[in-house]
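Asker: Structure here, sequence nowhere to be found:
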């Protein structure tokens with residue numbers, strides 16, 4: 001481990017002493033106070049903020065790539081990370097250096113002490129992991145400096161720590177059920193919370209939504225006197241077809257311009273829709289009454305990546321990972337596998353966290369499974385393997401389900417099975433943490449892809 005890597009690890013270890021990001025507190029004022037004491041870094045640059053249930057990270061990365069290809073220096077904040085903590089903070093397309101991260105964290109220590117003390121007097125818990133993380137990201141971007149920040153909401157919207165930013169453009173990926181114990185039991189309630197990122201006189205750009213979710217976004221835009229652009233009404237995906245290594249898409253922006261067909265090296269129709277949403281978001285940010293230059297779109301999309309989203313991590317045999325962890329994401333994944341590949345058989349290596357709708361995820365994945373290995377996730381929140389097996393057996397009917405003590409054990413057996421037939425593949429799915437474990441394993445064992 002290098003000195004910079006050790007510096008980044010020390011920051012991460014310090015953050016882990018705080019309440020974890022899986023347990024957010026529905027509050028925003030302490031985060032504003034912390035940012036104020038840190039010099040209100042979130043006001044140093046314009047912000048594009050992205051909320052939603054699925055597709056946030058892919059859309060954020062596409063927005064970031066388009067802005068960079070346009071010549072802007074960007075800061076990208078996304079979560080969670082897959083392998084390295086520094087993945088969460090990217091400046092101009094690269095993870096922030098460990099030393100810069102450590103310096104920014106050191107500068108945040110006095111503000112943290114002050115706010116923690118104030119919260120204790122008020123009978124509240126101290127600043128949480130994600131609250132500190134968001135302010136740290138804003139400070140890093142201010143120090144860089146950057147021209148624009150692309151900021152992915154952690155959970156919800158209205159009281160999410162990232163919402164201290166005064167975002168010029170609010171972007172909404174598809175909204176569905178997830179984190180229902182925190183955000184609400186129905187799509188309308190969840191959408192209402194997410195719509196809290198809409199700021200006065202801003203611009204709102206949204207993917208196709210369920211009617212009840214769209215109604216909440218329309219109301220939020222009207223209340224904020226914000227311009228609203230809706231997928232399918234104001235901008236559109238005109239064409240989306242399979243291509244070698246990805247998709248060929250054509251998009252009409254909200255200016256009415258029809259962009260030339262462009263290659264996107266991502267799999268699944270949902271990724272084509274994410275890219276269309278990103279193009280509209282960048283059009284909204286640039287604000288000019290003209291489209292994004294064609295050469296910018298071609299450059300940005302041609303090099304686009306989305307780690308942990310149908311990411312190839314092994315080729316002999318073929319092993320993919322995907323971070324899908326709710327039914328909506330799993331349905332998109334299953335459709336993408338069916339559309340994009342012609343495997344003879346697929347072995348799923350599945351694990352889940354205890355607070356997820358694991359049964360719903362497995363039901364969506366059932367059509368693509370020929371063999372299933374159940375594993376634990378490396379987390380205190382992991383669903384026990386016996387429970388994973390029970391839920392898998394209830395969803396993957398007539399498909400063998402085998403327990404494994406670890407991801408390493410399961411992948412060893414699954415890869416031995418897959419290597420016997422070149423048309424077989426292995427897919428690791430069910431948790432962001434599990435996807436990260438698989439990527440790290442592939443690198444340590446030298447599979448030569450991830």
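Answerer: Structure's in. What do you need? Because the structure is predicted, anything quoted here is derived from the model rather than measured. Numbers count the residues shown, from 1 in each chain.
Asker: Now do the nearest residue to residue 203 once chain neighbours are set aside against residue 163, distance only.
Answerer: Nearest residue to residue 203 in three dimensions, chain neighbours excluded: residue 284, at 4.3 Å (C-beta to C-beta, 6 or more residues apart in numbering). In this view, the C-beta of every residue, glycine as well, is placed from N, C-alpha and C. Relative to residue 163, residue 284 is positioned 19 Å away (C-beta to C-beta, to the nearest Å).
Asker: higher neighbour count, those two?
Answerer: A count of neighbours by other C-beta atoms under 10 Å puts residue 163 above the other of residue 284 and residue 163, at 25 against 22.
Asker: List the residues that contact the residue lying closest to residue 381 once chain neighbours are set aside.
Answerer: Of all residues not flanking residue 381 in the chain, residue 353 sits nearest, at 4.6 Å (C-beta to C-beta, 6+ apart). Contacts for residue 353 (C-beta atoms under 8 Å, 6 or more residues apart in numbering) come out as 325, 377, 379, 381, 382, 383, 431, 433.
Asker: From residue 160, how far out is the residue nearest to residue 203?
Answerer: Relative to residue 160, and taking C-beta to C-beta, residue 284 is found at 21 Å.
Asker: What of residue 135?
Answerer: 13 Å.
Asker: Between those two, point out the one with more neighbours.
Answerer: The residue with more neighbours, out of residue 135 and residue 160, is residue 135; 30 against 26, by other C-beta under 10 Å.
Asker: Just checking, which helix or strand succeeds the helix or strand harbouring that one along the chain?
Answerer: With elements taken from DSSP states H and E, the one containing residue 135 is helix 129-143. Toward the C-terminus, helix 129-143 is succeeded by strand 148-152 as the next helix or strand (DSSP H and E).
Asker: re earlier: so which elements touch the helix holding residue 135?
Answerer: Applying 3 or more C-beta pairs under 8 Å, 6 or more residues apart in numbering; DSSP states H and E, one finds that helix 129-143 contacts helix 3-15, helix 29-37, strand 74-77, strand 89-91, helix 98-107, strand 148-152.
Asker: pLDDT score for residue 22?
Answerer: Looking at residue 22, its pLDDT is 66.
Asker: just residue 185 next, same as before
Answerer: The predicted local confidence for residue 185 is 69.
Asker: which regions of the stretch 251-400 of the chain sit below the pLDDT cut-off?
Answerer: In the predicted model of the stretch 251-400 of the chain, no residue satisfies pLDDT under 70.
Asker: Which residue ranges of it form strands?
Answerer: Assigned strands in the stretch 251-400 of the chain, in chain order: 262-264, 311-315, 318-322, 345-350, 371-374 (criterion: DSSP state E, counting those that start in this stretch).
Asker: got those strands as a markdown table, with mean neighbour count and distance to residue 195 columns?
Answerer: As requested, the strands of the stretch 251-400 of the chain are exported to a markdown table (neighbours: other C-beta atoms under 10 Å; distance: least, C-beta to C-beta, whole Å):
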| stretch | mean neighbour count | distance to residue 195 |
| --- | --- | --- |
| strand 262-264 | 20 | 28 |
| strand 311-315 | 19 | 31 |
| strand 318-322 | 25 | 28 |
| strand 345-350 | 24 | 33 |
| strand 371-374 | 25 | 37 |
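Asker: nearest to residue 64, of those strands?
Answerer: For residue 64, the closest of the strands of the stretch 251-400 of the chain is strand 262-264, at 14.7 Å, according to C-beta to C-beta.
Asker: so what does the closest one touch, helix or strand wise?
Answerer: strand 246-252, helix 269-286, helix 294-302.
Asker: Can you list the strands that that strand pairs with?
Answerer: strand 246-252 (antiparallel) (DSSP bridges).
Asker: Report the angle between the partner strand and helix 294-302.
Answerer: Counting by axes from the mean of the first three to the mean of the last three C-alpha atoms, to 10 degrees, strand 246-252 lies at 140 degrees to helix 294-302.
Asker: quick one, strand 246-252 and helix 269-286 angle?
Answerer: Using the same axes, to 10 degrees: strand 246-252 against helix 269-286 is 40 degrees.
Asker: centre of the chain versus strand 246-252, how much separation?
Answerer: The gap between where strand 246-252 is centred and where its chain is centred comes out at 21 Å by C-alpha atoms, centre = their mean, to the nearest Å.
Asker: Run through who's touching that strand.
Answerer: Everything outside strand 246-252 that qualifies as a contact, by C-beta under 8 Å, 6+ apart, is 235-242, 258-269, 271-272, 275-276, 279, 301.
Asker: try stretch 199-214
Answerer: Contacts for stretch 199-214 (C-beta under 8 Å, 6+ apart): 52, 55, 59, 166-176, 186-188, 190-191, 198, 217, 220-221, 224-232, 273-274, 277, 280-281, 284-285.
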